[in-house]
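Engineer: Sequence and predicted structure are below.
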Amino acid sequence: VSRPEIDRISLDFCHHKPFTDAIFRPKTHPELLPKRPCSAPAFLPRKHPLAKCRTAKIRKKKDHTSAFRIPAVQSGQQQKGGLFHDTNTRFDSPPGGHPMTPLRVLDVSRWQGCIDWDAVQRSGAIDGVMLRVLGSRNGQPYPDLQFERNHAACTARGIPGGGYYYTCAVTSRQTEAELNALRAALRGKTFQLPLAIDVEDARLRSLSPAALAQRVAQAAAQLETWNLYAMVYTYTNFADTALAMDALTAYDLWLADYCGKRPTRPHGMWQYTSTGHVAGIDGPVDLSRAYKDYPALCRRAGLGRFSG
C-alpha cells in the first residue's frame with residue numbers, strides 16, 4: 001500500500017539504526033537501539049535435505065484463508081530450500097483451525113547475565129526463547145558464554161528454545177569459519193524453534209545486497225542440512241537497503257522494528273522492542289511475537305535435533 005512521502009520519511013527515520021562495532025550491536029547488547037521486525041511467508045514445508053514433505057491437496061476455504069502444504073515426512077526422501085514457508089504472511093489461520101494467538105518469544109545472550117529460569121517460567125510471560133549461540137569479536141566468532149547454561153535450563157524446564165548466531169562473514173572462508181564454530185556449539189543439542197542467522201553488522205554492507213543474500217542463503221542451506229529450521233534475522237532499514245530479500249523468500253524472516261506498528265514486510269517473527277521486562281532477568285530484554293506455531297511445525301516435520 002502506497003504511503004504519503006511524509007510517512008515514508010518518518011518510517012525511514014524510525015528504522016534508522018546506528019552502526020557500531022559487532023560486540024556493541026543491539027543483538028549482542030540489547031540496551032542499544034533498534035534491531036529488526038519480523039515477517040516471513042507462511043506456507044508449510046518445502047524441501048529439506050533430510051526429509052521430503054509430501055504436498056497435501058488443498059481445498060479453498062470459503063473464507064479465503066490461505067492454504068497450507070502439510071508435510072508427510074517419509075524416510076529416504078529429500079526436500080530442500082526453505083521449510084514451512086507459507087504464502088500467508090500472518091499464519092492467522094492454521095489448517096482447519098482458528099486464528100492463532102502469537103507466541104511470545106524472548107531472546108537472550110550473555111549480556112542478560114545469569115538468568116533465573118524458574119522465575120521466567122513462573123511469570124507465564126513467554127512461550128519460547130531464542131538463545132544466542134555465537135557472538136562476534138573483531139569479526140571472529142566465539143561461543144556465547146551463557147549458551148550452554150541457558151540451553152540446559154530451558155530444556156530441563158520444557159521451555160521451547162531456538163537460537164541465533166551473529167554473522168560478519170563477507171568471504172567464503174569467513175562463512176566456513178562461522179559454520180564450523182556453530183557446528184561445534186550445536187553438537188548434541190535439540191531445538192523447538194528456528195535457528196536464525198543474525199544479519200545486521202555494518203561490515204556486511206561492503207557486499208552488494210545480492211551478494212550478501214547469496215552468502216546468507218548459503219549459510220541457511222547448511223543449517224537445513226543439519227536438520228534445523230533455518231531463519232534470517234535483520235532489521236527493517238537493513239532489509240530495505242543492504243539485503244536482497246527477494247532472494248531469501250525461502251526462509252522465514254525474524255524482523256526487528258521498534259516503531260510500534262507491525263511491519264508490512266512478510267515475516268514469521270516480529271521483534272517489537274528491546275526494552276521489555278521479564279521476571280528472572282535483570283534489565284531490559286528483547287521481545288518478539290511469532291506468527292507461526294514453530295514448535296508444532298518442527299515437531300511435525302521431525303526438525304530441531306542437530307545432525308551434523
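Structural biologist: Arrived safely.

Engineer: what's the span of stretch 272-292 from first residue to last?
Structural biologist: 16 Å (C-alpha to C-alpha, to the nearest Å).

Engineer: mind listing what's buried in it?
Structural biologist: 272-274, 276, 278, 280-281, 285-292 (16 or more other C-beta atoms under 10 Å). C-beta coordinates here come from the backbone N, C-alpha and C atoms, glycine included.

Engineer: do stretch 176-187 as well
Structural biologist: Applying 16+ other C-beta under 10 Å to stretch 176-187 flags 177, 178, 179, 181, 182, 185, 186 as buried.

Engineer: Please look at residue 222 and residue 178 and confirm they touch.
Structural biologist: No - using C-beta atoms under 8 Å, residue 222 is not in contact with residue 178, being 9.9 Å away.

Engineer: Can you give me the distance of residue 247 to residue 220?
Structural biologist: 11 Å (C-beta to C-beta, to the nearest Å).

Engineer: quick one, which of these two is more surrounded?
Structural biologist: Between residue 247 and residue 220, counting by other C-beta atoms under 10 Å, residue 220 is the more crowded of the two (22 against 15).

Engineer: tell me the phi and psi of the more buried one?
Structural biologist: phi -60, psi -40 (degrees, to the nearest 10).

Engineer: helix or strand right after the helix or strand hosting residue 141?
Structural biologist: Here residue 141, judged by DSSP states H and E, is contained in strand 140-143. Next helix or strand after strand 140-143 toward the C-terminus (DSSP H and E): helix 147-157.

Engineer: Given the biggest strand by length in the chain, what are its sheet partners and their directions?
Structural biologist: Counting by DSSP state E, the longest strand found in the chain is strand 128-137. Sheet pairing for strand 128-137, assigned by DSSP bridges, gives strand 103-108 (parallel), strand 140-143 (antiparallel), strand 161-166 (parallel).

Engineer: Need the winner for burial among those.
Structural biologist: strand 161-166 (a mean of 26; mean count of other C-beta atoms under 10 Å).

Engineer: Skip ahead from that one and say which helix or strand is next.
Structural biologist: helix 172-186.

Engineer: Give the other helices and strands that the following helix or strand past that next one contacts.
Structural biologist: Once the chain leaves helix 172-186, the next helix or strand it forms, by DSSP H and E, is strand 195-198. The elements that strand 195-198 packs onto, with contact taken as 3 or more C-beta pairs under 8 Å, 6 or more residues apart in numbering; DSSP states H and E, are strand 161-166, helix 209-225, strand 230-235.

Engineer: now the longest strand of the chain: mean pLDDT?
Structural biologist: Strand 128-137 shows a mean pLDDT of 97.

Engineer: for that strand, which positions count as buried?
Structural biologist: For strand 128-137, by 16+ other C-beta under 10 Å, it's 128, 129, 130, 131, 132, 133, 134, 135, 136.

Engineer: how much does that strand deviate in direction from helix 147-157?
Structural biologist: Interaxial angle of strand 128-137 relative to helix 147-157 (axes from the mean of the first three to the mean of the last three C-alpha atoms, to 10 degrees): 170 degrees.

Engineer: Run the angle between strand 128-137 and strand 230-235 for me.
Structural biologist: Using the same axes, to 10 degrees: strand 128-137 against strand 230-235 is 70 degrees.

Engineer: Save the helices and strands packed on strand 195-198 as TSV, and put in mean pLDDT and distance to residue 191 too.
Structural biologist: Output for these, formatted as TSV (pLDDT from 0 to 100; distance: least, C-beta to C-beta, whole Å):
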stretch	mean pLDDT	distance to residue 191
strand 161-166	98	5
helix 209-225	97	11
strand 230-235	98	11
